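Here is my input; please provide its structure:
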Amino acid sequence: MRYLLLTLLLAASASNAAHLELTVSEGQTQPTTYTCPLSGDLQSLDLRSDHRYDVAIKDDVRNKEICREADYRTGMMLSLRYVDPSPEGKYQIEILGQISSLSSIDVDATLSCGVNQTPTLEYLAFSETSILEIDKTKVLVIDGQTTLLLTIKE
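Numbering: from 1, shown residues only. Okay, here's the model as predicted:
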């Protein structure tokens, strides 16, 4: 019984702990909210999408054509970390991120089994260190299409 009470107290105190709410809005899509615990550990968020492309190569050693599909990923990746120490009632959050987008897909060769495509990706890296107060939202506009809303909640 004593262990059950201790477990319930720990669960109650954990639910009252401050956490970061991160809302991501990209282009015309509906905003999505994520919750991250506040700790010195790095929290990663991978919001990239998979896309397929064709690969066709000639194996000269075996005199065979090899055709298959491969994938590339576009979108945003984030790493968040709570940085100690912060002034009383404030939380310092470090954000590192990258947005990848497709620049072009070039057709290199056409074989009997398919075409060989080469995707070219562009990358935009960003970083921010913000001091946040409880229930006050900070807005970060990344690339004109991607917006992050950061809020500390208790």
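
so where is this structure shaky, pLDDT-wise?
Applying pLDDT under 70 to the chain flags the ranges 1-16, 85.

Spell out the residue ranges of the strands in it.
According to DSSP state E, the chain carries its strands in the segments 19-26, 32-37, 43-46, 49-59, 64-83, 90-111, 114-133, 138-141, 146-153.

can you put those strands in TSV and add mean neighbour count?
The C-beta positions use only the backbone N, C-alpha and C, and glycine is treated the same way. Listed next are the strands of the chain as TSV, based on neighbours: other CB atoms under 10 Å:
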stretch	mean neighbour count
strand 19-26	18
strand 32-37	13
strand 43-46	13
strand 49-59	13
strand 64-83	15
strand 90-111	15
strand 114-133	14
strand 138-141	12
strand 146-153	18
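
I figured residue 114 hits residue 69, correct?
No. Look at residue 114 against residue 69 with CB atoms under 8 Å: they stay out of range, at 9.2 Å.

Find residues that contact each of those two.
Residues touching both residue 114 and residue 69 by CB atoms under 8 Å, 6 or more residues apart in numbering: residue 54.

beta partners for residue 21?
On the basis of DSSP bridges, residue 21 takes part in beta bridges with residue 35, residue 151.

wait, isn't residue 17 in contact with residue 39?
No. The criterion here is CB under 8 Å, and residue 17 misses it with residue 39 at 9.6 Å.

can you list residues touching both of the two?
Contact criterion CB under 8 Å, 6+ apart; residues shared by residue 17 and residue 39: none found.
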